[in-house]
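A.B. asks: Prediction below, plus the sequence it came from.
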Amino acid sequence: MGRENFKSRLGFLLVSAGCAIGIGNVWRFPYVTGQNGGGVFVLFYLLFLAIMGVPVLTMELAVGRASRKSAVLGYKALEPKGSKWHIHGWFCVIGCYLLMMYYTTVAGWMLSYFFKFLSGTFTAMPANGSADIFASMLANPSEMGGWMAVVVITGFFVVSMGLQKGLERISKFMMSALLILILALAVNSILLPGGNAGLAFFLLPDWERAAQVGITTVIANAMNQAFFTLSLGIAAMEIFGSYMSKDNTLSSEAVRICGLDTFVALSSGLIIFPACFSYGVQPDQGPGLIFITLPNVFVNMPGGRLWGALFFLFMTFASFTTVIAVFENLLASCIDNFGWSRRKAVIFNCLFVLIASLPCVLGYNIWSDLRIIGSRDVLDSEDFLVSNLLLPLGSLIYLLFCTTKWGWGFDRYLEEANTGNGIKLSRKLKPFFQIILPILILFILIRGLLPAS
């Protein structure tokens, strides 16, 4: 049986963008922007996306497309004889499992909130009751576990149908629906009375406001966000490289994926900031912004029950496209490395992810006293390992593999990246790729591992 490929280029782009577009864009991006003073942060975010995100994305895709294999065997096919680069492939697989151990829970929150808005739970609540609704959901392991299980089982059902019939078909539908939902929600927010102040905060760089946060902090956080938004470093993207055609250059595809990813991140800002300013809510309230602050805003809005339901449907689609993309990666790893059938890989992984996701669910109630890394709870500990360690370290390894003579080598990488029609990478970028990019990624890695001041 040959390796399945994407049916169309659009399918590849929407699946890859769907993998990149997730909680990082629609949940993390708005509150980090709010905490970092708005417009200036957005400016630096776009800059780092172009100079760091796009190059590293081309490298991960190049390893996939040149080898036609998932992480471990991809390295094995390309590495010099006797070298051990493929060991990182196993860390990629571990990273994908770890990511799904908490991502499925947060995706479950989004789904739960969609049904809560639909059924009118928020309409009947007392003023500012959204904090109580969120707290009672976290305190209820069976409610949270139930929604997590719905996400996991539905996700594996989709990927059990194969690449074209499952992942590609569903991602096309969800991404199209997501883009329509975004436009409707953004237009509604922008037209709210007083929403212009929110637009100004979000889109107009205010250097004084950024200086209050600290320009270096803003720059470092923007670099971080640009990097994490694409989920690079754990082979989540590499797998789609292994399914894609050689018709287009990798930089063209990387620019398109980053473009879609950025469009969704900026659009979620256009939805959230005008709504917050229109109702006099501070946008710097951290992770609670989506689940506590925004429901209060929606409830006070004309047609709020509908807009709230649509917003959380959009959030559910954004997180679910990532879930099915990473599930596909887990299946491909089992099929490639152990010679399993897709069916066997689906059953094993579905059961494993269901059980492995339970600590995150229980970490908010039965095991709420449990602290794993530092003073972090289960979800934050799992996220710390993925976001602060495995993503930057993995990206650094991909970078060194593609640009040094001890790995695959810059010439081979460049040849693969420039195969096809579209934007070609210049050989003059070699010093930037070999010296400056590793320093930037090392900075993110070290900063992420230092205790927060």
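C.D. replies: Yep, that arrived.
A.B. asks: Check which residues of the helix ranked longest in the chain are buried.
C.D. replies: Ranked by residue count under DSSP state H, the longest helix found in the chain is helix 304-338. Residues of helix 304-338 classed as buried by neighbour count (16 or more other Cβ atoms under 10 Å): 304-305, 307-337. Every residue, glycine included, has its C-beta placed from N, CA and C.
A.B. asks: do stretch 366-379 as well
C.D. replies: The neighbour-count check on stretch 366-379 (16+ other Cβ under 10 Å) flags 367, 372, 376, 377, 378, 379 as buried.
A.B. asks: so how far is residue 372 from the residue nearest to the third one when sequence neighbours are not counted?
C.D. replies: Setting aside the residues directly before and after it, residue 376 is nearest to residue 384 in space (Cβ to Cβ, 6 or more residues apart in numbering), at 6.0 Å. Using Cβ to Cβ, to the nearest Å, residue 384 is found at 9 Å from residue 372.
A.B. asks: quick revisit: return the closest of the buried residues of stretch 366-379 with respect to residue 9.
C.D. replies: Checking the buried residues of stretch 366-379 against residue 9 by Cβ to Cβ gives residue 379 as the nearest, at 36.3 Å.
A.B. asks: gap between the host helix or strand of residue 135 and the chain center?
C.D. replies: Using DSSP states H and E, residue 135 falls within helix 130-138. How far helix 130-138 lies from its chain's middle: 25 Å, per Cα atoms, centre = their mean, to the nearest Å.
A.B. asks: Start the count at 780 instead of 1 going forward.
C.D. replies: With 780 as the first residue, the last one maps to helix 909-917.
A.B. asks: Please give me every residue in contact with residue 948.
C.D. replies: For residue 948, the contacting residues are residue 940, by Cβ atoms under 8 Å, 6 or more residues apart in numbering.
A.B. asks: pLDDT weak spots in the stretch 1030-1179 of the chain?
C.D. replies: Low-confidence segments of the stretch 1030-1179 of the chain (pLDDT under 70): 1065.
A.B. asks: Which stretches in it count as helices?
C.D. replies: Taking DSSP state H, counting those that start in this stretch as the criterion, the stretch 1030-1179 of the chain carries its helices at 1067, 1073-1079, 1083-1117, 1121-1135, 1137-1141, 1157-1163, 1170-1182.
A.B. asks: and the third one with helix 1121-1135, angle?
C.D. replies: This points to helix 1083-1117. Orientation check (axes from the mean of the first three to the mean of the last three Cα atoms, to 10 degrees): helix 1083-1117 against helix 1121-1135 gives 120 degrees.
A.B. asks: before we move on, the earlier item: closest to residue 842 out of the helices of the stretch 1030-1179 of the chain?
C.D. replies: Closest to residue 842 of the helices of the stretch 1030-1179 of the chain is helix 1170-1182 (Cβ to Cβ; 6.7 Å).
A.B. asks: which residues are in contact with that closest one?
C.D. replies: For helix 1170-1182, using Cβ under 8 Å, 6+ apart, the contacting residues are 835, 838-839, 841-842, 854, 857-858, 864, 867, 870-871, 874, 1006-1007, 1010-1014, 1017, 1185-1189, 1192, 1209, 1212-1213, 1216-1217, 1220-1221, 1223-1224, 1227.
A.B. asks: Quick one: buried ones out of these?
C.D. replies: Buried members of the contacts of helix 1170-1182, scored by 16+ other Cβ under 10 Å, are 835, 838-839, 841-842, 854, 857-858, 864, 867, 870-871, 874, 1006-1007, 1010-1014, 1017, 1186-1189, 1192, 1212, 1216-1217, 1220, 1223-1224, 1227.
A.B. asks: circling back to that earlier point, could the helices of the stretch 1030-1179 of the chain go into a markdown table alongside distance to residue 1000?
C.D. replies: What follows is the helices of the stretch 1030-1179 of the chain, written out as a markdown table (distance: least, Cβ to Cβ, whole Å):
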| stretch | distance to residue 1000 |
| --- | --- |
| helix 1067 | 18 |
| helix 1073-1079 | 21 |
| helix 1083-1117 | 21 |
| helix 1121-1135 | 30 |
| helix 1137-1141 | 25 |
| helix 1157-1163 | 16 |
| helix 1170-1182 | 14 |
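A.B. asks: and residue 1043, which of these is closest to it?
C.D. replies: helix 1083-1117 (6.9 Å).
A.B. asks: picking that back up, need the contact partners of the helix holding residue 914.
C.D. replies: By Cβ under 8 Å, 6+ apart, helix 909-917 touches 888, 891, 895, 900-901, 904, 922-923, 1067, 1070-1072, 1074-1075, 1078, 1143-1144.
A.B. asks: from what I can see residue 1150 touches residue 1156, true?
C.D. replies: Yes: Residue 1150 is within contact range of residue 1156, at 6.6 Å (criterion: Cβ atoms under 8 Å).
A.B. asks: So what touches stretch 852-862?
C.D. replies: By Cβ under 8 Å, 6+ apart, stretch 852-862 touches 842-843, 845-848, 864-865, 867-868, 1014, 1017, 1021, 1115-1116, 1180, 1185-1187, 1191.
A.B. asks: what's the neighbour count on residue 1137?
C.D. replies: As a burial measure, residue 1137 scores 19 neighbours (other Cβ atoms under 10 Å).
A.B. asks: Surely it and residue 924 touch.
C.D. replies: Yes: counting by Cβ under 8 Å, residue 1137 touches residue 924, with 6.8 Å between them.
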